[in-house]
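could you work out the structure for the sequence below:
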Amino acid sequence: MICESSSLNKYIDKSSNIFFICGPEIILKNNSLDQINNFLKSEGFSEKKIVSNEDYSDINKIIYENASGSLFGSKIIIEINHIKGKMPKEIRDIFEIKDIQKFDNIAIIIKSSIEKINKSSNWVKKIDKFSLIIECKKLKSFEEKIWIKNQLNFMTSKDAEDYSIRIADIFSGNLIRQQNEINILKLNYSKENSLDKIGSENSEFLPYQLEDKIIEFDTAYALKITKSIRKNESHYAPLLVWITGKIINTCVGSHQDNINLEKVGIWKNKVPLYLNFIKQSPLKKMLKLQKKVYELDLASKGLAGVTIDEFWQELDFMIIKLTSR
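Numbering: from 1, shown residues only. You can find the predicted model right below:
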């Protein structure tokens, strides 16, 4: 049986206690391993043996020695780490053991470095027959946001939605950084100290407050944000340009093609604000600013021959123009 990491909870109890984890996304592999271990713990597995590459020659021996559980009657997890190269014969041979799927006192978890399996190969077919294969693929953009939001179940629903947007946009495609941010939030977040308060103290989230303030036509607050970022986290300059560009391009697309805002990545709770902003932002004005964004992007990367002071001044002028009606 094969499933993706996102649907592991649906299949985890529907096969024998043999699991094969593979794929390129290390965070999803680690999360899947944790989920499987927690499930097995709930099923009475209380001991674990780790098998690394220097122990491969003893894999069959380890399995048979523990097939009846420990001396104290404990069920045992055998975790096999495959860290590089092709699938070793010693691991493939596990699935040649007669009735391996019926060994009730052991569970086998194989965590493999293989990023993509060939489902037509014989060894994969055997693993598929006797175990649950969990594929940990790279996530698409919308899948990242869903994954992050699911990790933020300790928050209020509103904060979870807002934070998932910000984390996904700041660390797009980098689940390791996303997981680090989530872990920090787990330590710092409380319902009494929610997004507005944390956002004002954590400069990593200020750029996304800038988006909110621009589409709300709040010039003073938007300029306050850029001033704070320039002073404390100036390396976010390209991100600020990207955010202003996103707003401008969304406006241009809406005026020219009447695009569906949700389909181009605008979250549902922001659609009314965007619609109001677009209504009060003429196409002619946005087209001029669209060209300016390109120039600002080059400047933020040091490619336009302007000074740092000139860049921040131009960015402020851009924000003033965007928020003026």
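
just list the residues touching the residue nearest to His82 when sequence neighbours are not counted, thanks.
Nearest non-adjacent residue to His82, counting by CB to CB, 6 or more residues apart in numbering: Ser112, 4.3 Å away. Every residue, glycine included, has its C-beta placed from N, CA and C. By CB atoms under 8 Å, 6 or more residues apart in numbering, the residues touching Ser112 are 20-22, 82, 87.

next one: Ile83
With CB under 8 Å, 6+ apart, Ile83 has these contacts: 52-53, 113.

again, only using 6 Å
Neighbouring residues of Ile83 by CB atoms under 6 Å, 6 or more residues apart in numbering: Ser113.

how close does it get to Val124?
Distance from Ile83 to Val124, counting by CB to CB, to the nearest Å: 19 Å.

go on, Val264?
Taking CB to CB, one finds Val264 at 38 Å from Val124.

which one's more surrounded, the two?
Between Val264 and Val124, Val124 has the larger neighbour count (other CB atoms under 10 Å), namely 19 against 13.

which element, helix or strand, includes that one?
Applying DSSP states H and E as the criterion places Val124 in helix 122-130.

give me the distance from that helix to the chain's centre.
29 Å (CA atoms, centre = their mean, to the nearest Å).

now that helix: mean pLDDT?
Computed over helix 122-130, the mean pLDDT rounds to 87.

one more: stretch 282-298?
On average, stretch 282-298 scores 87.

would you mind listing the buried residues in that stretch?
286, 289, 292-293, 295-297 (16 or more other CB atoms under 10 Å).

pick the one among those residues closest to Thr250.
Among those, Met286 lies closest to Thr250 (CB to CB), at 9.3 Å.

ok, that closest one to Lys321 distance?
10 Å.

Ala168 too?
Distance, Ala168 to Lys321, using CB to CB: 28 Å.

out of the two, which sits in the busier spot?
Between Ala168 and Lys321, counted using other CB under 10 Å, the more crowded position is Ala168 (23 against 15).

and the pLDDT at that one?
81.

same thing with Ile26?
87.

name the nearest residue to it, ignoring sequence neighbours.
Ile176 (7.1 Å).

and Ile12, what is it in contact with?
Listed by CB under 6 Å, 6+ apart, the contact set of Ile12 reads Phe39.

next one: it from Ile50, what distance?
21 Å.

got it, and Gly253?
53 Å.

show me which of the two is the more surrounded one.
Per other CB under 10 Å, whichever of Gly253 and Ile50 has more neighbours is Gly253, with 16 against 11.

neighbouring contacts of the longest helix along the chain?
Longest helix in the chain by number of residues (criterion: DSSP state H): helix 237-257. For helix 237-257, the external contacting residues (CB under 6 Å, 6+ apart) are 207, 210-211, 214, 259, 278, 281, 283, 286, 289-290, 293, 296-297, 300, 318.

what is the nearest of the residues you listed to Asn183?
Set against Asn183, the nearest of the contacts of helix 237-257 by CB to CB is Pro207 (20.9 Å).

would you agree the closest one falls within a helix?
Yes - Pro207: assigned to a helix according to DSSP: H, G, I helix; E, B strand; the rest coil.

got the contact list for it?
Pro207 is in contact with 236, 239-240, 243, counting by CB under 6 Å, 6+ apart.

now for these: which two are most distant?
Tyr236 and Ile243 (9.6 Å).

elements contacting the helix or strand encompassing Glu295?
When secondary structure is defined by DSSP H and E, Glu295 falls within helix 283-300. With contacts taken as 3 or more CB pairs under 6 Å, 6 or more residues apart in numbering; DSSP states H and E, helix 283-300 sits against helix 237-257.

let's see that with 7 Å instead.
Counting by 3 or more CB pairs under 7 Å, 6 or more residues apart in numbering; DSSP states H and E, the packing neighbours recorded for helix 283-300 are helix 237-257, helix 308-323.

can you list the ones you listed in a markdown table and add mean pLDDT and distance to Lys227?
Putting the helices and strands packed on helix 283-300 into a markdown table (pLDDT from 0 to 100; distance: least, CB to CB, whole Å) gives the following:
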| stretch | mean pLDDT | distance to Lys227 |
| --- | --- | --- |
| helix 237-257 | 87 | 12 |
| helix 308-323 | 91 | 8 |
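
with that, I have no additional questions.
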